[in-house]
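Could you look at this predicted model? Sequence included:
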Amino acid sequence: MIGTVTFDELAELMNARAGLSVDPQEMKSRPDATFADFELDSLGLLGIVAELEKRYGQPMGADAEGCKTPRAFLDTVNGTLAAAV
Amino acid sequence: MRDQSTRDRSTHDAAPGESSARRTVITGLGVIAPNGIGAEPFWKAVVGGASVLGPVTREGCAHLPLRVAGEVRDFDPAALVDSKFLVQTDRFSHFAMAAAELALDDARLAADPDDPFGIGVVTAAGSGGGEFGQSELQQLWGKGPSFVGPYQSIAWFYAASTGQISIRGGFRGPCGVLADDEAGGLDAFAHARRTIRRGTDAVVVGATEAPLAPYSVVCQLGYPELSLEEEPHRAYLPFTVDARGFSPAEGGAMFVLEDADAARRRGVRARAEVAGHCATFTGGDGWEDSRQGLARAIRGALDEAGCSAREVDVVFADALGVPAADQAEALALADALGPHAANVPVTAPKTGFGRAYSASSALDVAAAVLALEHGVVPPTPNVTEVRHDLDVVTGEARTAALDTALVLSRGLMGGNAALVLRRVPDGEL
């Protein structure tokens, strides 16, 4: 799903909030790859959710924090943002 | 004779499930100190008697009344630790991870994927991640709860370094942390030895501290023992008439402590044997009380090592730099070692770079291991005229046949500890 939050933005947040260097193209090309595969732990994901909530001025809901893959995460947060428009 | 006035925190005999027959040896050494990064640069500075105490330049500290400390200035954490761990942890854990990496390289040790439970981690910490915690709490009060990063939940914590070293290296054996005062750097070895006696082959052990950040420095200003002297060469002068407290430091040392048989099987050299430890507690009501506690710790450690007082070839002193504490230490040595106390060389290399709380004694262990290997007693920088009946090595390093080193530590909260290290000739087990 192409939405407001992109793989590029997610990669940037993974770097800023958790110190990870992740290639957004790689995340995009591996739909089933998990956050664990990219070494992002649950605390790192929490920090990314908090940052997105501040950027978009919108609560992301508890589902976002529980997502296991980048693709599921983007679907969830972009779905939330789209529903709020 | 049993001394009822102090409480013994250590057991000399093996508890059920422990094998006292297992000898423990240091096979790896990693140092991040104000006077050198890596064991060899550290030793070179220590032997040369270099004094690197200087002004406090870390951000947000320069206006505080603490003027002199030992800062680790040439430490580039990004060169030694992945960015992922840097973002998620405090400076004290950066030191710990970098020092552990150096120690593991030195010991040529890595986790065995077929036996991930064979290696454990034990660290001591006196204050945890103060700088990281301050930054996040400022976000909380300045902007609101959603601006506090989730890694605050683990980064400030005393146990953070043990956890990060364990996760990073894949060391899934028994892990622990001692929230301890200065004696922690020695007590961590006792904990690691017990872990090995219960069957773990190797333990990554040591202590690091990063107390030079604004909140942490303000906390330390409450210690009457802290030296507020402005002149670096006069700030920390234990055993002299000019003693006026201690200068704090950051950094620390990590080691690989290993079962001697496991080390032999791996074909690595032993840098020293950890032969005995004892800890006592005499509280914080006055440094005079530490005399009995420290003397008892010395006797206990020597007993465990099967070592007589006369066999002690060098003492790495606690050297607090407070007249009553220095006097208590000199008397404790006399009580425990008898006439030998006046003859044995005593040194305190830390007068050149400061006291890094629980990491202070870990750095002393590093210096003692290197002293045993080189047969050299390093000097006590900046100290000249000693007022006690001790042979404090000042000025130049002294060459001596060294087989046994006694390392002493006392903490501001009342802990006393002694550790006995033995040379392993040619490193062969």
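Arrived safely, thanks for sending. Numbering: from 1, shown residues only, chains lettered A, B, ... in the order given.

check which helix or strand covers residue B:365.
helix B:358-374 (DSSP states H and E).

And the residue of chain A closest to chain B?
residue A:19 (3.1 Å; Cβ to the nearest Cβ). Backbone N, C-alpha and C define where each C-beta goes, glycine included.

That residue: what's its closest spatial neighbour, skipping adjacent residues?
residue B:87 (3.1 Å; Cβ to Cβ, 6 or more residues apart in numbering or on different chains).

Please name every helix or strand in contact with the helix or strand of chain A with the lowest mean pLDDT.
Lowest on mean pLDDT, DSSP states H and E among the helices and strands of chain A sits helix A:61-65, with a mean of 90. With contacts taken as 3 or more Cβ pairs under 8 Å, 6 or more residues apart in numbering or on different chains; DSSP states H and E, helix A:61-65 sits against helix A:42-56, helix A:70-84.

mind putting those helices in JSON lines, distance to chain B, mean neighbour count and mean pLDDT included?
Shown next, in JSON lines, are the helices and strands packed on helix A:61-65 (distance: least, Cβ to the nearest Cβ, whole Å; neighbours: other Cβ atoms under 10 Å in any protein chain shown; pLDDT from 0 to 100):
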{"stretch": "helix A:42-56", "distance to chain B": "4", "mean neighbour count": "19", "mean pLDDT": "93"}
{"stretch": "helix A:70-84", "distance to chain B": "16", "mean neighbour count": "18", "mean pLDDT": "93"}
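
Format those helices as CSV; extra columns: distance to residue B:32.
CSV is the format used below for those (distance: least, Cβ to Cβ, whole Å):
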stretch, distance to residue B:32
helix A:42-56, 26
helix A:70-84, 36
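
out of these, nearest to residue B:48?
helix A:42-56 (44.3 Å; Cβ to Cβ).

before we move on, back to that, and the residue of chain A closest to chain B, what does it touch?
For residue A:19, the contact set (Cβ atoms under 8 Å, 6 or more residues apart in numbering or on different chains) comprises B:82, B:83, B:84, B:85, B:86, B:87, B:88.

can you map out the helices along chain B?
B:39-47, B:77-80, B:83-88, B:91-107, B:130-142, B:152-155, B:160-169, B:184-197, B:214-220, B:260-266, B:290-305, B:323-337, B:358-374 (DSSP state H).

still on that earlier bit, residue B:31: which of the helices and strands packed on helix A:61-65 is closest?
helix A:42-56 (30.5 Å).

name the helices or strands packed onto the closest one?
Looks like helix A:42-56 contacts helix A:7-18, helix A:61-65, helix A:70-84 (3+ Cβ pairs under 8 Å, 6+ apart).

got a markdown table for the ones you listed, with distance to residue A:26 too?
Formatted as a markdown table, the helices and strands packed on helix A:42-56 follow (distance: least, Cβ to Cβ, whole Å):
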| stretch | distance to residue A:26 |
| --- | --- |
| helix A:7-18 | 9 |
| helix A:61-65 | 21 |
| helix A:70-84 | 10 |
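
Tell me which of those lies nearest to residue B:137.
Of the helices and strands packed on helix A:42-56, nearest to residue B:137 by Cβ to Cβ is helix A:7-18, at 18.2 Å.

got the buried residues for the following helix or strand past the closest one?
Sequence-wise, the next helix or strand downstream of helix A:7-18 (DSSP H and E) is helix A:24-29. Using 16 or more other Cβ atoms under 10 Å in any protein chain shown as the test for burial, helix A:24-29 gives A:24, A:27, A:28.

send the alpha carbons of helix A:24-29 over as CSV?
Coordinates of each C-alpha in helix A:24-29 appear next as CSV, following Å, rounded to 0.1, in the frame of the first residue of the first chain:
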residue,chain,number,x,y,z
PRO,A,24,14.3,1.3,2.4
GLN,A,25,14.4,-0.5,-1.0
GLU,A,26,15.3,-3.7,0.8
MET,A,27,12.3,-3.3,3.2
LYS,A,28,10.1,-2.7,0.2
SER,A,29,11.3,-5.7,-1.8
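
Who are the packing partners of it?
Using 3+ Cβ pairs under 8 Å, 6+ apart, helix A:24-29 sits against helix A:7-18.

between the helix it packs on and helix A:42-56, how many degrees?
120 degrees (axes from the mean of the first three to the mean of the last three Cα atoms, to 10 degrees).

What parts of the stretch 151-300 of chain B come near chain A?
Within the stretch 151-300 of chain B, the residues that sit near chain A (Cβ under 8 Å from any Cβ of the partner chain) are B:151, B:153, B:154.

How many residues are close by the second one?
Yep, that's residue B:153 we're talking about. 12 (other Cβ atoms under 10 Å in any protein chain shown).

same question, the first one
Applying other Cβ under 10 Å, we find 24 residues neighbouring residue B:151.

what do you get for the last one?
Here the neighbour count serves as a burial measure; for residue B:154 (other Cβ under 10 Å) it reads 19.

ok, now how distant is the nearest residue to it once chain neighbours are set aside from residue B:82?
Closest residue to residue B:154 apart from its sequence neighbours, by Cβ to Cβ, 6+ apart: residue B:160 at 5.7 Å. The gap separating residue B:160 from residue B:82 is 16 Å, by Cβ to Cβ, to the nearest Å.

just residue A:16 next, same as before
Taking Cβ to Cβ, one finds residue A:16 at 15 Å from residue B:82.

same question, residue B:210
Distance from residue B:210 to residue B:82, by Cβ to Cβ: 19 Å.

and the residue nearest to the spatial centre of chain B, what does it touch?
Nearest to the geometric centre of chain B sits residue B:362, at 1.9 Å (Cα atoms, centre = their mean). Residues counted as contacts of residue B:362 (Cβ under 8 Å, 6+ apart) are B:124, B:185, B:186, B:188, B:206, B:207, B:208, B:252, B:253, B:254, B:255.

Let me know the distance separating it from chain A.
Distance of residue B:362 to chain A, given as Cβ to the nearest Cβ, to the nearest Å: 27 Å.

got the helices of chain B as a markdown table, with distance to residue B:232 columns?
Shown next, in a markdown table, are these (distance: least, Cβ to Cβ, whole Å):
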| stretch | distance to residue B:232 |
| --- | --- |
| helix B:39-47 | 15 |
| helix B:77-80 | 25 |
| helix B:83-88 | 30 |
| helix B:91-107 | 22 |
| helix B:130-142 | 23 |
| helix B:152-155 | 31 |
| helix B:160-169 | 29 |
| helix B:184-197 | 24 |
| helix B:214-220 | 16 |
| helix B:260-266 | 41 |
| helix B:290-305 | 27 |
| helix B:323-337 | 20 |
| helix B:358-374 | 18 |
